[in-house]
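S.K.: could you look at this predicted model? Sequence included:
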Amino acid sequence: MKKLYFVAVVALALTSCLSEDELKNPFRSYVPEPLDDGWEISEPTAEGIDANALKQVYTGFHQNAEDWQVRSLLVFRNGKLIAESYTKDETDRTTPRAIWSCTKQFMGVITGIAIDKGLINSVDDSLVNYLPEVWNHPDKKGITIEDLLTMRSGIAYSNDGLSGQTDDILRRLPENITDFILSRPMENLPGEKANYKDGDPQLLAGAVQWACGKRTDIWAKEVLFDK
C-alpha cells in the first residue's frame, strides 16, 4: 500500500516588509530552526528525501514570481519537520497566521488518506453512503466524493460578501451546518460545473468524519502529525 505524504503550503495575501519590486526574499536555507514547539526535526536524507532535489525545489520556490503571495513552504515526513523557508518575513516562523482556504487542501489530503485506509471506498462513491443526512434531500443523492473534491456538487452556494452562504455560516452560525448546506437548492447537475465555494468542503468534512468515526480535526491530527 502506498503511503501518502504531503507538503503544506501556506498561501496568504498579507502585507510584508518587502517593497513592491521585491516579491520574495532570496533563498538562503531550508534547515528548520529548533523551537520549543513540539516538532521533532530531522534531515532530508534520514527520511529518504534527496537533499539536492529539495534544495532545487526551494530555490525555485523563492524565485517564482508568479506565486508571490505564498509566504512559507514546510515539508514534513514521518511525523518530522524536514525543511522550512519563509519568503516574506522570518517572523512568520513563530507568528500564527489565518490560513483560510488552505484548509481545503488539507481536506483533500485526509480524504485521500481515508481512501487509502479503506474508510472511503472510492471517489466515485455517492455522498449518501457517508453522510446519512443526504437521504432527507433526494436531489443531492447523485453527488459523489469526487464532486465535492472538485467543487462540482451543483448545490447553489455563494461565498460572496454579505449575500453569500459563507457569511451566513460565519455570522449567524446555523445550528446544523450540514443541513443548512444540504437544504440549498441545486443550480446544476452534480459533476456538471465547477463553482468555487465553501459548502462542498464542509460536506466533505462531514463525510470523512462519519467514515472515520471521529471529529475531522482530531482524525486529521492523528493521520497527518501523530507518530
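M.R.: All right, it came through fine. No experiment lies behind these values; they were computed from the predicted model shown.

S.K.: spatially, which residue comes closest to Tyr130, not counting chain neighbours?
M.R.: For Tyr130, ignoring the flanking residues on the chain, the nearest one in space by CB to CB, 6 or more residues apart in numbering is Ala207 at 3.9 Å. Any C-beta I mention is one placed from the backbone N, CA and C, and that applies to glycine too.

S.K.: now the helices: where do they sit in this protein?
M.R.: 51-63, 102-116, 145-149, 165-172, 177-182, 199-212, 216-224 (DSSP state H).

S.K.: low-confidence stretches in the chain?
M.R.: For the chain, residues meeting the criterion pLDDT under 70 lie at 1-22, 162, 171-174, 226-227.

S.K.: before we move on, back to that, these two touch, right, the residue nearest to Tyr130 and Leu119?
M.R.: No: assessed by CB atoms under 8 Å, Ala207 is found out of contact with Leu119, at 9.9 Å.

S.K.: ok, the residue nearest to Tyr130 - contacts?
M.R.: Residues counted as contacts of Ala207 (CB atoms under 8 Å, 6 or more residues apart in numbering) are 120, 127, 130-131, 145, 148.

S.K.: most surrounded residue in those residues?
M.R.: Counting neighbours by other CB atoms under 10 Å, the top entry in these is Leu148, with 28 neighbours.

S.K.: can you name the residues that contact that residue?
M.R.: Counting by CB under 8 Å, 6+ apart, Leu148 touches 127, 200-201, 203-204, 207.

S.K.: now for those residues, which pair is the farthest apart?
M.R.: Greatest spatial distance in those: Leu127 and Pro201, 12.6 Å, computed using CB to CB.

S.K.: rewinding a little: pipe the contacts of Leu148 into a markdown table and attach distance to Asp50 per row.
M.R.: Putting the contacts of Leu148 into a markdown table (distance: CB to CB, whole Å) gives the following:
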| residue | distance to Asp50 |
| --- | --- |
| Leu127 | 39 |
| Asp200 | 36 |
| Pro201 | 33 |
| Leu203 | 38 |
| Leu204 | 33 |
| Ala207 | 36 |
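
S.K.: just these now: which is nearest Ala98?
M.R.: Closest approach between these and Ala98, by CB to CB: Pro201, at 16.1 Å.

S.K.: can you verify my assumption that that closest one contacts Cys102?
M.R.: No: applying CB under 8 Å as the test, Pro201 and Cys102 come out as separate, 11.3 Å apart.

S.K.: more neighbours: these two, which one.
M.R.: Neighbours per residue (other CB under 10 Å) separate Pro201 from Cys102, with Pro201 holding more: 20 against 14.

S.K.: just list the residues touching the more buried one, thanks.
M.R.: Contact partners of Pro201, counting by CB under 8 Å, 6+ apart, are 103-104, 107, 148, 151.

S.K.: could you rerun that using 6 Å?
M.R.: 104, 107 (CB atoms under 6 Å, 6 or more residues apart in numbering).

S.K.: grab the nearest non-local neighbour of Asn64.
M.R.: Lys24 (7.9 Å).

S.K.: one more: Trp68?
M.R.: What sits nearest to Trp68 in space, not counting adjacent residues and going by CB to CB, 6+ apart, is Leu23, at 3.9 Å.

S.K.: and the gap between that neighbour and Thr87?
M.R.: Separation of Leu23 from Thr87 (CB to CB, to the nearest Å) stands at 8 Å.

S.K.: identify the contacts common to the two.
M.R.: Common neighbours of Leu23 and Thr87, using CB under 6 Å, 6+ apart, do not exist here.
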